[in-house]
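would you be able to build a 3D model of this:
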Amino acid sequence: MNAGEAGPEPVEGAFAYQDALAWLYGTQRFGIKLGLENIQRLLRELDVPVKGQQVVHVAGTNGKGSVCAMIDAVCRAQGYRTGLFTSPHLVTYRERIQVDGEMIAEEKVAEGLTTIRQMIREWEPHPTFFEITTALALIHFKECGCEVIALETGLGGRLDATNAVEPVVSVITPIGYDHQTWLGSTLDEIAGEKAGIIKAHVPVISAAQEPAAEQVLRARAAECEAPLQIVSEPYTTTPPALAGAHQKRNASLAIAALRFGGIAVGEEAVVQGLATVRWPARFQRWDERTIIDGAHNPAGASALAKTWQEQFTDERATIILAVLCDKDVAGIWRALAPIARRAILPHTRSERALAPSDLAKIGREVSPGFSLSIAASFKDAFDQAKAESGRILITGSLHFAGEALATLGGDVAAFEECAQ
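Here you go, the predicted model:
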């Protein structure tokens with residue numbers, strides 16, 4: 001803009017970033033409403049996504065974010081302009097929406113949410129937090145000219161807001177027990193919800209599954225006449241940057257998805273992308289003694305324990321643990337017990353966290369005689385652990401991992417920009 005020129009007229013009622021987030025988080029009062037009518041209407045009126053964008057749609061119980069991050073990294077290495085949509089975030093909301101590895105800017109969040117708020121002001125029913133966030137991501141990817149989009153489901157798949165998008169390939173990571181209130185109490189019921197992302201004639205890549213889950217996926221793929229490929233062998237050509245045998249399986253899933261979806265990537269891009277992929281709070285080494293991992297269900301905790309043993313053999317950890325109240329706490333305890341020397345249970349900033357006293361009670365029932373203590377905060381717990389010898393493991397939920405990263409990195413203000 002030249003000196004003396006007037007800038008664009010401000011949009012009436014335009015948000016600033018903090019106000020935009022406050023409004024968005026206020027929509028959580030509308031709760032979780034599984035269904036596609038609102039999001040389909042939003043996408044029609046916003047004209048997103050645009051023709052020519054290649055969307056890789058990823059559902060499953062564990063590993064979704066890692067697979068999306070790997071797809072994004074490989075495609076960037078190939079030279080594609082990429083969009084990455086994941087949830088939840090760890091420290092700042094902006095992590096959920098990334099283009100070419102860069103988080104969406106604060107002003108773009110404010111601008112996009114202003115547009116959406118004006119559009120939906122009179123809608124009934126009102127769109128939910130996740131529907132609005134999905135729409136915001138797709139607006140940003142359209143404006144940035146993204147060529148490949150890795151799109152992670154939020155909850156389930158069949159009625160998840162992301163399922164309003166037509167992908168070039170659908171991906172299903174290992175299916176296990178989580179979110180049973182919404183997805184069903186049996187593995188085949190949960191698999192049925194995840195399998196809902198399978199669409200007519202769109203190829204499907206799946207991780208190896210339990211027989212009950214695999215049967216559901218095969219039936220859905222047959223019904224949709226969708227080619228299905230099960231990927232069970234790990235990627236072994238070069239070591240991925242993310243630690244653990246499960247990440248090698250995730251890498252195979254990501255590569256197969258790109259190939260099966262017709263997204264051209266060369267071997268050099270695969271090697272470079274997997275070698276440079278970054279995905280925080282997935283066996284993340286904060287310092288020489290400290291590991292941060294957002295394992296939040298028994299399957300995730302089991303994968304974490306196996307990775308710990310791969311990396312550190314018989315060495316045990318002081319575990320700083322916080323778990324959300326709707327999780328299988330006993331299952332998480334049982335998975336972590338073989339690698340634990342003792343546990344410190346802090347009070348956290350999440351209203352959804354199980355009280356440390358209740359967490360301790362379950363821990364003592366699962367592992368009688370196990371050494372447990374309660375801390376007033378994460379910082380107090382970490383200070384206690386650092387004063388001792390040996391390695392430290394911070395785990396139990398992605399929200400808690402985010403609190404740990406924010407505290408250790410001195411970024412608590414960003415973490416507290418709105419309740420997560």
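
just the strands from the stretch 151-300 of the chain, written as ranges.
Residue ranges of the strands in the stretch 151-300 of the chain, as given by DSSP state E, counting those that start in this stretch, are 169-172, 204-207, 228-231, 284-285, 290-292.

hey, which of the ones you listed is tucked in deepest?
Most buried of these, by mean neighbour count (mean count of other Cβ atoms under 10 Å): strand 169-172, with a mean of 30. For glycine as for every other residue, the C-beta is placed from the backbone atoms N, C-alpha and C.

direction included, what does that strand pair against?
Partners of strand 169-172 in the sheet, by DSSP bridges, are strand 54-59 (parallel), strand 204-207 (parallel).

returning to what we had before: now the strands of the stretch 151-300 of the chain as CSV including mean pLDDT and distance to residue 239?
Compiled in CSV, the strands of the stretch 151-300 of the chain are given as follows (pLDDT from 0 to 100; distance: least, Cβ to Cβ, whole Å):
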stretch, mean pLDDT, distance to residue 239
strand 169-172, 98, 22
strand 204-207, 98, 19
strand 228-231, 98, 18
strand 284-285, 98, 15
strand 290-292, 98, 17
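
how many neighbours does residue 300 have?
27 (other Cβ atoms under 10 Å).

once you drop chain neighbours, what's closest to it?
Spatial nearest neighbour of residue 300, excluding adjacent residues (Cβ to Cβ, 6 or more residues apart in numbering): residue 62 at 5.0 Å.

what count of nearby residues applies to that neighbour?
23.

which residues touch it?
Neighbour list for residue 62: 173, 174, 176, 178, 246, 297, 299, 300, 303 [criterion: Cβ atoms under 8 Å, 6 or more residues apart in numbering].

which element is it on?
Assigned by DSSP states H and E, residue 62 belongs to no helix or strand.

can you list the domains in this protein?
Listed by automatic domain parsing, the domain ranges of the chain are 17-276, 284-415.

quick one: end-to-end distance for stretch 316-334.
15 Å (Cα to Cα, to the nearest Å).

buried ones in it?
Across stretch 316-334, burial judged by 16 or more other Cβ atoms under 10 Å covers 316-324, 327-329, 331-334.

ok, now stretch 181-197?
183, 184, 187, 188, 190, 191, 192, 193, 194, 195, 196, 197.

export these to JSON lines and tack on distance to residue 342?
Shown next, in JSON lines, are those (distance: Cβ to Cβ, whole Å):
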{"residue": "183", "distance to residue 342": "34"}
{"residue": "184", "distance to residue 342": "36"}
{"residue": "187", "distance to residue 342": "34"}
{"residue": "188", "distance to residue 342": "39"}
{"residue": "190", "distance to residue 342": "34"}
{"residue": "191", "distance to residue 342": "37"}
{"residue": "192", "distance to residue 342": "41"}
{"residue": "193", "distance to residue 342": "38"}
{"residue": "194", "distance to residue 342": "37"}
{"residue": "195", "distance to residue 342": "42"}
{"residue": "196", "distance to residue 342": "43"}
{"residue": "197", "distance to residue 342": "42"}
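
just the buried residues of stretch 316-334: which are in strands?
Judged by DSSP state E, the buried residues of stretch 316-334 include 317, 318, 319, 320, 321 as members of strands.

possible to save the buried residues of stretch 181-197 as JSON lines with distance to residue 36 and pLDDT?
Shown next, in JSON lines, are the buried residues of stretch 181-197 (distance: Cβ to Cβ, whole Å; pLDDT from 0 to 100):
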{"residue": "183", "distance to residue 36": "16", "pLDDT": "81"}
{"residue": "184", "distance to residue 36": "19", "pLDDT": "77"}
{"residue": "187", "distance to residue 36": "24", "pLDDT": "92"}
{"residue": "188", "distance to residue 36": "22", "pLDDT": "94"}
{"residue": "190", "distance to residue 36": "19", "pLDDT": "94"}
{"residue": "191", "distance to residue 36": "19", "pLDDT": "95"}
{"residue": "192", "distance to residue 36": "16", "pLDDT": "95"}
{"residue": "193", "distance to residue 36": "13", "pLDDT": "93"}
{"residue": "194", "distance to residue 36": "16", "pLDDT": "95"}
{"residue": "195", "distance to residue 36": "16", "pLDDT": "96"}
{"residue": "196", "distance to residue 36": "10", "pLDDT": "96"}
{"residue": "197", "distance to residue 36": "12", "pLDDT": "98"}
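
which one of the residues you listed is nearest to residue 37?
residue 196 (15.1 Å; Cβ to Cβ).

OK, contacts around the closest residue to that closest one other than its chain neighbours?
Closest residue to residue 196 apart from its sequence neighbours, by Cβ to Cβ, 6+ apart: residue 158 at 2.3 Å. Neighbouring residues of residue 158 by Cβ under 8 Å, 6+ apart: 34, 192, 193, 194, 195, 196, 197.

just the closest of those to residue 307, please.
Using Cβ to Cβ, these come closest to residue 307 at residue 194, 23.7 Å.

mind checking how far the closest one is from residue 64?
Residue 194 sits 10 Å away from residue 64, taking Cβ to Cβ, to the nearest Å as the criterion.

if we can go back for a sec, tell me which of the strands of the stretch 151-300 of the chain approaches residue 221 most closely.
Here strand 228-231 is closest among these (Cβ to Cβ), at 4.0 Å.

which helices and strands sit right next to that closest one?
strand 204-207, helix 211-224, helix 245-260 (3 or more Cβ pairs under 8 Å, 6 or more residues apart in numbering; DSSP states H and E).

just how off-centre is it within its chain?
Its chain's C-alpha centre lies 22 Å from the corresponding centre of strand 228-231 when counted by Cα atoms, centre = their mean, to the nearest Å.

could you do stretch 55-74 as well?
9 Å.

so how far is the first residue of it from its last?
For stretch 55-74, the first-to-last residue distance is 14 Å (Cα to Cα).

any buried residues in it, and which?
For stretch 55-74, a neighbour-count test (16+ other Cβ under 10 Å) marks 55-74 as buried.

which residues touch residue 238?
The neighbours of residue 238, taking Cβ under 8 Å, 6+ apart as the test, are 271, 274, 275.

swap in residue 55?
By Cβ under 8 Å, 6+ apart, residue 55 lies in contact with 49, 148, 149, 151, 165, 166, 167, 168.

right, I'll call it a day here.
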